[in-house]
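Asks: coords please:
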Amino acid sequence: MSNDFYCILYCSQLAPSAPFNAVPDIIRTARRFNASNDVTGILVFDGVNFLQHLEGPDIILVELITRIARDSRHVNFRLQYQGRGFGKRRFRSWSMAYAHIEDDEPLKTIQRLEGREAMMHFSELVPSLEIAP
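Replies: Reported below is the predicted structural model:
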(Lines give C-alpha, C1' and ligand atoms only; values in the text may rest on other atoms or scores of the structure.)
Protein backbone atom coordinates (compact mmCIF):
# COMPACT_ATOMS: atom_id res chain seq x y z
CA MET A 1 0.00 0.00 0.00
CA SER A 2 1.36 3.36 -1.02
CA ASN A 3 1.42 6.45 1.19
CA ASP A 4 0.04 8.33 -1.83
CA PHE A 5 -3.68 7.64 -1.70
CA TYR A 6 -7.05 9.07 -2.57
CA CYS A 7 -9.74 9.67 0.02
CA ILE A 8 -13.54 9.85 -0.04
CA LEU A 9 -15.95 10.77 2.74
CA TYR A 10 -19.70 10.61 2.24
CA CYS A 11 -22.93 10.59 4.24
CA SER A 12 -26.24 8.96 3.43
CA GLN A 13 -29.26 7.45 5.17
CA LEU A 14 -30.60 3.93 5.28
CA ALA A 15 -33.40 3.61 2.73
CA PRO A 16 -36.82 2.98 4.32
CA SER A 17 -37.20 0.02 1.95
CA ALA A 18 -33.81 -1.52 2.82
CA PRO A 19 -33.96 -5.12 4.03
CA PHE A 20 -33.20 -5.85 7.70
CA ASN A 21 -29.82 -7.34 6.75
CA ALA A 22 -28.70 -4.35 4.65
CA VAL A 23 -25.93 -3.13 6.96
CA PRO A 24 -24.24 -6.53 7.53
CA ASP A 25 -24.51 -7.18 3.79
CA ILE A 26 -22.91 -3.81 2.96
CA ILE A 27 -20.03 -4.54 5.35
CA ARG A 28 -19.49 -8.07 4.03
CA THR A 29 -19.52 -6.92 0.39
CA ALA A 30 -17.23 -3.96 1.12
CA ARG A 31 -14.68 -6.09 2.96
CA ARG A 32 -14.47 -8.57 0.10
CA PHE A 33 -14.14 -5.88 -2.60
CA ASN A 34 -11.79 -3.64 -0.61
CA ALA A 35 -9.39 -6.43 0.35
CA SER A 36 -8.79 -7.26 -3.30
CA ASN A 37 -8.54 -3.63 -4.49
CA ASP A 38 -6.18 -1.96 -1.96
CA VAL A 39 -9.07 -0.02 -0.40
CA THR A 40 -9.34 0.62 3.34
CA GLY A 41 -11.86 2.53 5.41
CA ILE A 42 -14.63 2.65 7.95
CA LEU A 43 -18.43 2.66 7.93
CA VAL A 44 -20.10 4.52 10.81
CA PHE A 45 -23.83 3.96 11.36
CA ASP A 46 -26.21 5.41 13.95
CA GLY A 47 -29.29 3.37 13.03
CA VAL A 48 -30.38 5.80 10.30
CA ASN A 49 -27.35 7.76 9.05
CA PHE A 50 -24.23 6.39 7.38
CA LEU A 51 -20.82 8.02 7.25
CA GLN A 52 -18.20 6.22 5.21
CA HIS A 53 -14.54 7.08 4.81
CA LEU A 54 -12.61 5.28 2.07
CA GLU A 55 -8.90 5.33 1.21
CA GLY A 56 -7.17 3.83 -1.81
CA PRO A 57 -6.15 4.26 -5.44
CA ASP A 58 -7.99 7.14 -7.10
CA ILE A 59 -9.17 5.18 -10.15
CA ILE A 60 -10.70 2.48 -7.92
CA LEU A 61 -12.39 4.95 -5.55
CA VAL A 62 -13.88 7.12 -8.29
CA GLU A 63 -15.49 4.03 -9.83
CA LEU A 64 -16.52 2.69 -6.41
CA ILE A 65 -18.18 5.91 -5.26
CA THR A 66 -20.25 5.96 -8.46
CA ARG A 67 -21.54 2.47 -7.63
CA ILE A 68 -22.14 3.36 -3.98
CA ALA A 69 -24.12 6.48 -4.92
CA ARG A 70 -26.52 4.31 -6.97
CA ASP A 71 -27.00 1.66 -4.27
CA SER A 72 -30.71 1.43 -3.43
CA ARG A 73 -30.04 0.47 0.20
CA HIS A 74 -29.42 4.11 1.05
CA VAL A 75 -30.83 7.53 0.14
CA ASN A 76 -29.74 11.17 0.39
CA PHE A 77 -26.19 10.38 -0.69
CA ARG A 78 -23.92 13.40 -0.20
CA LEU A 79 -20.21 13.49 -0.99
CA GLN A 80 -18.47 15.39 1.80
CA TYR A 81 -14.85 15.13 0.60
CA GLN A 82 -13.07 13.72 -2.43
CA GLY A 83 -9.35 14.18 -3.07
CA ARG A 84 -5.85 13.33 -1.94
CA GLY A 85 -5.51 11.78 1.49
CA PHE A 86 -3.72 13.52 4.34
CA GLY A 87 -0.58 11.90 5.75
CA LYS A 88 -0.92 8.14 6.11
CA ARG A 89 -3.99 5.97 5.75
CA ARG A 90 -6.08 6.04 8.92
CA PHE A 91 -7.52 2.56 8.52
CA ARG A 92 -4.67 0.70 6.81
CA SER A 93 -5.27 -2.40 8.94
CA TRP A 94 -8.94 -2.75 7.96
CA SER A 95 -10.50 -3.44 4.59
CA MET A 96 -13.69 -2.06 6.18
CA ALA A 97 -13.90 -1.22 9.85
CA TYR A 98 -17.34 -0.66 11.36
CA ALA A 99 -18.58 1.51 14.22
CA HIS A 100 -22.14 1.81 15.48
CA ILE A 101 -22.91 4.95 17.46
CA GLU A 102 -26.01 5.79 19.47
CA ASP A 103 -25.85 9.58 19.22
CA ASP A 104 -26.88 10.87 15.77
CA GLU A 105 -25.56 14.40 16.32
CA PRO A 106 -21.94 13.78 15.15
CA LEU A 107 -23.13 12.42 11.81
CA LYS A 108 -25.73 15.16 11.38
CA THR A 109 -23.01 17.75 12.00
CA ILE A 110 -20.72 16.24 9.36
CA GLN A 111 -23.63 16.03 6.90
CA ARG A 112 -23.84 19.83 6.96
CA LEU A 113 -20.14 20.25 6.09
CA GLU A 114 -17.97 19.64 3.07
CA GLY A 115 -14.35 19.52 2.03
CA ARG A 116 -11.58 19.84 4.59
CA GLU A 117 -14.03 21.01 7.25
CA ALA A 118 -15.95 17.72 6.96
CA MET A 119 -12.67 15.79 7.14
CA MET A 120 -11.61 17.75 10.22
CA HIS A 121 -14.85 16.90 12.05
CA PHE A 122 -14.54 13.27 10.95
CA SER A 123 -10.98 13.21 12.35
CA GLU A 124 -12.28 14.52 15.67
CA LEU A 125 -14.98 11.82 15.75
CA VAL A 126 -12.67 8.84 15.10
CA PRO A 127 -11.01 8.63 18.56
CA SER A 128 -14.43 8.36 20.23
CA LEU A 129 -15.55 5.40 18.08
CA GLU A 130 -15.60 1.81 19.27
CA ILE A 131 -14.28 0.31 16.07
CA ALA A 132 -14.97 -3.30 15.15
CA PRO A 133 -12.47 -4.65 12.60
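
Asks: Only C-alpha atoms from now on, for both contacts and neighbour counts.
Replies: Will do.

Asks: and the strand or helix carrying residue 82, which strands flank it?
Replies: Assigned by DSSP states H and E, residue 82 falls within strand 74-84. Paired neighbours of strand 74-84 in the sheet (DSSP bridges): strand 6-14 (antiparallel).

Asks: Off-centre distance for the partner strand?
Replies: Distance of strand 6-14 from the chain centroid (C-alpha atoms, centre = their mean, to the nearest Å) equals 5 Å.

Asks: Give the residue farthest from the middle of this structure.
Replies: residue 17 (20.9 Å; C-alpha atoms, centre = their mean).

Asks: Phi, psi for the residue nearest to that one when sequence neighbours are not counted please.
Replies: Nearest residue to residue 17 in three dimensions, chain neighbours excluded: residue 73, at 7.4 Å (C-alpha to C-alpha, 6 or more residues apart in numbering). Backbone torsions of residue 73, given as degrees, to the nearest 10, read phi -80, psi -10.

Asks: May I have the residues that are in contact with residue 73?
Replies: 14-15, 17-19, 22 (C-alpha atoms under 8 Å, 6 or more residues apart in numbering).

Asks: Please apply the same query to residue 113.
Replies: residue 80.

Asks: Kindly recompute the last result at 10 Å.
Replies: Applying C-alpha atoms under 10 Å, 6 or more residues apart in numbering, we find residue 113 in contact with 79-81, 119-121.

Asks: and what of residue 38?
Replies: 1-2, 5, 55-57, 60-61, 92, 95.
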